[in-house]
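**Q** Give me the fold of what follows.
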Amino acid sequence: MSVTSHSVEQAFQDLVQADASMLSIPSRLEWVGRTAEFLKSRSTASGACTLEKADRLALALHEALTNAIVHGNLGVPSSLKEESPDAFARLLASKSADPVLADRRVGIRYCFDGKRCTIAITDQGAGFDHRKWIAGIESDEEVSPLSSGRGILMMRALVDQVEYRSGGREVELSVLAAGTGRSMGRSGEAWSGLAMGERLAGAGDGSPSDQCEAPTGAAAVMLMEQLRQSADDPRRQTPRVAFTTSVEIRTPGGEFRTAFSRDLSRGGIALVAPFELDPGEVEMVVPVPGRDREVLAARVVRCQRVTAGVYDIGCQFI
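**A** Okay, the predicted model is just below:
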């Protein structure tokens, strides 16, 4: 950024006395990254956050939004991933395909008053005993890498203050603007062992729902025709349908690993897997109604970490 453009941006930020926004997003994991990026951009444009603080805020938002969708609206218990990442991925895929649960919304209130930026995230789930979890993570007991409380630890390390309300259904993240000091929130260092480099997908991140002109495999066409009862959105050129089954993925190393599909379109498939996949071409073995199974070629276009050891993956058919 040139000195002149930086000066103009700084002058504009100085004019912003307050800023506010309200959002309501569906319970779909592909909205997590783009929502976090939108709020990050909003916080920097208004002068609420420096670029460094905004990056930390985006990571905390990614965690909070994921929790609201996965544990709140979809009702997938966080304790399950400690028992079995495979079982967690399977249940998450199944719950994501449930139209009643997927219809639940996550409400987001963003507010900057000139000194403090606050973002409140509210889900429509059953809530949880946040006091119990906070007491647990503040004890002297070691926190497991898969522990439910590690997400709270991470958020408290990344922003100035984290508060829970409404029986755990609402979390508010606060960041103080530069020069205003640090609030009474927990400061501490980020817990050693956190996977801090989440891949944050922006709008148009290449998820299957964004690929309207993607090439289509013959088996995928047949599968879609057999599965389609009704399109979830008549405006979509490539309607998406719920599709929950085990899918075998051939990894770049040649081994097959099991992922769990959550929905399907003519252009691609969305999966939940207990492993990470790098962008690139893969082969997958998919069961087809009325036939045994089909081997489909696909390209991984999105791999977003959901929680420790579990990933939401978008593949485009080729």
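
**Q** Now do the strands in the stretch 151-300 of the chain.
**A** For the stretch 151-300 of the chain, the strands defined by DSSP state E, counting those that start in this stretch occupy 161-165, 170-176, 241-242, 246-250, 256-264, 268-273, 280-286, 294-307.

**Q** Quick check: chain neighbours aside, which residue is closest to residue 68?
**A** residue 123 (4.0 Å; C-beta to C-beta, 6 or more residues apart in numbering). Just so you know, the C-beta spots here come from the backbone N, C-alpha and C atoms, and that holds for glycine as well.

**Q** Identify the residues contacting that neighbour.
**A** 68-69, 72-73, 104, 106-107, 169-170 (C-beta atoms under 8 Å, 6 or more residues apart in numbering).

**Q** With residue 65 instead?
**A** 25, 31-32, 35-36, 106, 108, 121.

**Q** Verify the assumption that it is located in a strand.
**A** No - according to DSSP: H, G, I helix; E, B strand; the rest coil, residue 65 belongs to no strand; its state is helix.

**Q** which stretches of the stretch 1-150 of the chain have low pLDDT?
**A** In the predicted model, the stretch 1-150 of the chain carries pLDDT under 70 at residues 1-14, 133-150.

**Q** tally of neighbours for residue 294?
**A** Here the number of neighbours of residue 294 (other C-beta atoms under 10 Å) works out to 16.

**Q** hang on, isn't it packed against residue 283?
**A** No - checked against C-beta atoms under 8 Å, the pair residue 294 and residue 283 is beyond contact range at 10.7 Å.

**Q** who touches both of the two?
**A** Joint contacts of residue 294 and residue 283 (C-beta under 8 Å, 6+ apart) do not exist.

**Q** re earlier: what is the nearest of the contacts of residue 123 to residue 252?
**A** Taking C-beta to C-beta as the measure, residue 69 is the one of the contacts of residue 123 closest to residue 252, at 29.3 Å.

**Q** pretty sure that closest one is touching residue 28, no?
**A** Yes - counting by C-beta under 8 Å, residue 28 is a contact partner of residue 69 at 7.4 Å.

**Q** More neighbours: these two, which one.
**A** Legend: neighbour count by other C-beta under 10 Å for residue 69 and residue 28, higher for residue 69 (30 against 20).

**Q** what's the closest non-adjacent residue to that one?
**A** Nearest to residue 69 is residue 27, by C-beta to C-beta, 6+ apart, at 4.9 Å.

**Q** list the contacts for that neighbour?
**A** 69, 73-74, 96, 101-106.

**Q** Now for residue 303: which residues touch it?
**A** With C-beta under 8 Å, 6+ apart, residue 303 has these contacts: 199, 276-279, 311-314.

**Q** Buried only: go through these for me.
**A** Buried members of the contacts of residue 303, counted by 16 or more other C-beta atoms under 10 Å: 277, 311-314.

**Q** Go through those residues and say which is closest to residue 88.
**A** Distances from residue 88 to the buried ones among the contacts of residue 303, taken by C-beta to C-beta, are shortest for residue 311, at 11.2 Å.

**Q** What mean pLDDT does the strand or helix carrying the closest one get?
**A** Residue 311 belongs to strand 310-317 when assigned by DSSP states H and E. What strand 310-317 shows for mean pLDDT is 89.

**Q** would you put the C-alpha positions of that strand in CSV?
**A** Output in CSV follows, covering the C-alpha atoms of strand 310-317 (Å, rounded to 0.1, in the frame of the first residue of the first chain):
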residue,chain,number,x,y,z
VAL,A,310,-12.6,-33.1,11.3
TYR,A,311,-12.8,-31.3,8.0
ASP,A,312,-15.6,-30.0,5.7
ILE,A,313,-14.6,-30.8,2.1
GLY,A,314,-16.0,-29.5,-1.2
CYS,A,315,-15.3,-31.4,-4.4
GLN,A,316,-16.1,-30.5,-8.0
PHE,A,317,-16.8,-33.4,-10.5
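
**Q** Skip the chain neighbours and tell me the closest residue to residue 258.
**A** Nearest to residue 258 is residue 246, by C-beta to C-beta, 6+ apart, at 5.5 Å.

**Q** what about the one you found, how many residues close to it?
**A** Residue 246 has 14 nearby residues by other C-beta under 10 Å.
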